[in-house]
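Trainee: Sharing a model that was predicted from the sequence below.
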Amino acid sequence: MAKRSAPEVNAGSMADIAFLLLIFFLVTTTIEKDKGLLRSLPPIDDTEVEPPVIKQKNLFTVNINRNNQLLVEEEELPITELRQAAIDFLDNGGGTNPAGQSCDYCKGEGSSESSDHPDKAIISMKHDRETTYEKYMEVQNELVAAYNYLREREAARLYKKYYPNSDKVFTAMLEEKEKNQYSKDEVLNERIETVKKLFPMKLSEAEPDKN
Amino acid sequence: MSKFRKKEKGEMPAISTASLPDIVFMLLFFFMVATVMRDSSLMIENALPSADQVEQLKKDRTIFIYAGKPSSQYKQFGEEPRIQFNDAFITVEDVQPSIYQGISEMNEELQSKVVVGLKVDKNTNAGLVSDIKQELRKANALKVMYIANTKLEQ
């Protein structure tokens, strides 16, 4: 008796089916890369300690009102000039830090009217409840940019020799740290910390008034 | 009659397409693995502000909170900006438990490094954002990332 062989399944349409699925996944894939401004919030402090008195000249106040207008150090300022104003304030170096050292890396005017030392300089920001988030972000961005500019400058001064080909030494250092996140590089971490310490980010935000 | 017939000249052998399904499957698996389905559909308008001093976000340690006006399909929720977490609108008081929930769902070694990603519509009041931040401080989730579109530096 002849052995009946099982009829072969036609696999010719397999490719079509697979293509269909492939195209579906191609279309639905979104390789998202979110980016943003990283900031730390202050922890809640319940202790009843009298806050230290901060001299007016070490304080750089930025106010945004409900009409999105900017008031910097009691004067109205367009947002395009905010970054430079913040840099001038932080980089002033008119006096000494709490340890009594003067700022030998500051390139500012050294005016006695402005901040003593980057360690002491505090940027204080306040906004109204009605301020739009867009404006708020713009201001945050400009202030962070001021810090980044100064850190970039100091990183270039100190460590340019290790990164001769990059324009932005601090960014290059952070990128390298990111790349080697699983093998800790002590030297690199220390350099990053050194730069951060030269211009510590002291950006405080006051709560908007309840009305 | 010879056993070996001479090949007819000029005829190209057909290219075998038998391996085509394999190749396509390989691509298919790649995309299946690489695809991240959107886990929450937005019920709010979400036009992000732009900034140029941005840093990369690490997705594995991030909890997202959205805020903005309810979009046109969700008109019944009114015009006021609302907060969205996962798939539902929440109130300001609910932010704290939601954050705890988000943290507990995360990988254990990343729980201490949690970052809260704020995706807030640019026309929202900053007051709402500061309310959220106040709640985050209470929940002790102090690292915040204001998610923004990248603007090219001038």
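Mentor: Sure thing, it's come through.
Trainee: residues contacting A:M173?
Mentor: Contacts for A:M173 (Cβ atoms under 8 Å, 6 or more residues apart in numbering or on different chains) come out as A:A155, A:Y159, A:Y163, A:L188, A:R191, A:I192, A:V195. Quick note: C-beta positions are derived from backbone N, CA and C, even for glycine.
Trainee: mind redoing it with 6 Å?
Mentor: Shown in contact with A:M173 (Cβ atoms under 6 Å, 6 or more residues apart in numbering or on different chains): A:I192.
Trainee: Mind checking what secondary structure it has?
Mentor: helix (DSSP: H, G, I helix; E, B strand; the rest coil).
Trainee: what residues does chain B put near chain A?
Mentor: Contact residues, chain B versus chain A (Cβ under 6 Å from any Cβ of the partner chain): B:20-21, B:24-25, B:27-28, B:31-32, B:35, B:49, B:51, B:53-57, B:120, B:122-127, B:129-130, B:133, B:137, B:142-148, B:150.
Trainee: Any of these buried? List them.
Mentor: B:21, B:24-25, B:28, B:31, B:49, B:51, B:53-54, B:57, B:120, B:122, B:124-127, B:129-130, B:133, B:137, B:142-148 (16 or more other Cβ atoms under 10 Å in any protein chain shown).
Trainee: Grab the nearest non-local neighbour of B:M32.
Mentor: Nearest residue to B:M32, sequence neighbours excluded (Cβ to Cβ, 6 or more residues apart in numbering or on different chains): A:F25, at 5.7 Å.
Trainee: and whichever strand or helix holds that neighbour, what other elements does it pack with?
Mentor: Assigned by DSSP states H and E, A:F25 belongs to helix A:14-28. Helices and strands touching helix A:14-28, by 3 or more Cβ pairs under 6 Å, 6 or more residues apart in numbering or on different chains; DSSP states H and E, are helix B:20-34.
Trainee: what ranges do the helices span in chain B?
Mentor: B:20-34, B:95-104, B:126-138 (DSSP state H).
Trainee: and A:Y105, which of those is closest to it?
Mentor: A:Y105 lies closest, by Cβ to Cβ, to one member of the helices of chain B: helix B:126-138, at 33.1 Å.
Trainee: relative to helix B:95-104, how tilted is the closest one?
Mentor: 60 degrees (axes from the mean of the first three to the mean of the last three Cα atoms, to 10 degrees).
Trainee: and helix B:126-138, what other elements does it pack with?
Mentor: So helix B:126-138, by 3+ Cβ pairs under 6 Å, 6+ apart, packs with helix A:133-159, helix B:95-104.
Trainee: could I get the helices of chain B as JSON lines with mean pLDDT and distance to B:A88?
Mentor: Output for the helices of chain B, formatted as JSON lines (pLDDT from 0 to 100; distance: least, Cβ to Cβ, whole Å):
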{"stretch": "helix B:20-34", "mean pLDDT": "82", "distance to B:A88": "28"}
{"stretch": "helix B:95-104", "mean pLDDT": "89", "distance to B:A88": "9"}
{"stretch": "helix B:126-138", "mean pLDDT": "88", "distance to B:A88": "16"}
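Trainee: how about TSV for these, with distance to A:Y133 added?
Mentor: Formatted as TSV, these follow (distance: least, Cβ to Cβ, whole Å):
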stretch	distance to A:Y133
helix B:20-34	32
helix B:95-104	16
helix B:126-138	5
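Trainee: Chain neighbours aside, what residue packs nearest to whatever residue of chain A ends up closest to chain B?
Mentor: Going by Cβ to the nearest Cβ, chain B is nearest to A:R129 of chain A, at 2.9 Å. In space, and not counting its chain neighbours, A:R129 is closest to B:G127: 2.9 Å by Cβ to Cβ, 6+ apart.
Trainee: Same question for A:V62.
Mentor: A:M125 (4.6 Å).
Trainee: count of residues packed around that neighbour?
Mentor: By the other Cβ atoms under 10 Å in any protein chain shown criterion, the neighbourhood of A:M125 contains 18 residues.
Trainee: Repeat that for the one 3 residues further on.
Mentor: For A:D128, the neighbour count with other Cβ under 10 Å is 19.
Trainee: Likewise for the one 3 residues further on?
Mentor: When counting by other Cβ under 10 Å, one arrives at 25 neighbours for A:T131.
Trainee: Repeat that for B:Y66.
Mentor: 22.
Trainee: separation between it and chain A?
Mentor: 12 Å (Cβ to the nearest Cβ, to the nearest Å).
Trainee: these two touch, right, that residue and B:K119?
Mentor: Yes: in this structure, B:Y66 is within contact of B:K119 by Cβ atoms under 6 Å, at 4.8 Å.
Trainee: Now do the buried residues in stretch A:148-161.
Mentor: By neighbour count on 16+ other Cβ under 10 Å, the buried set for stretch A:148-161 is A:N148, A:Y149, A:L150, A:R151, A:E152, A:R153, A:E154, A:A155, A:A156, A:L158, A:Y159.
Trainee: And for that stretch, what's in contact with it?
Mentor: With Cβ under 6 Å, 6+ apart as the criterion, stretch A:148-161 contacts A:I87, A:K168, A:V169, A:F170, A:R191, A:V195, A:L198, A:F199, B:Q53.
Trainee: Now do the strands in chain A.
Mentor: With DSSP state E as the criterion, chain A has strands at A:35-40, A:59-64, A:70-72, A:75-76, A:122-127, A:203-206.
Trainee: mean confidence for the first one?
Mentor: Spelled out, that is strand A:35-40. Mean pLDDT, strand A:35-40: 86.
Trainee: and what of the second one?
Mentor: Computed over strand A:59-64, the mean pLDDT rounds to 88.
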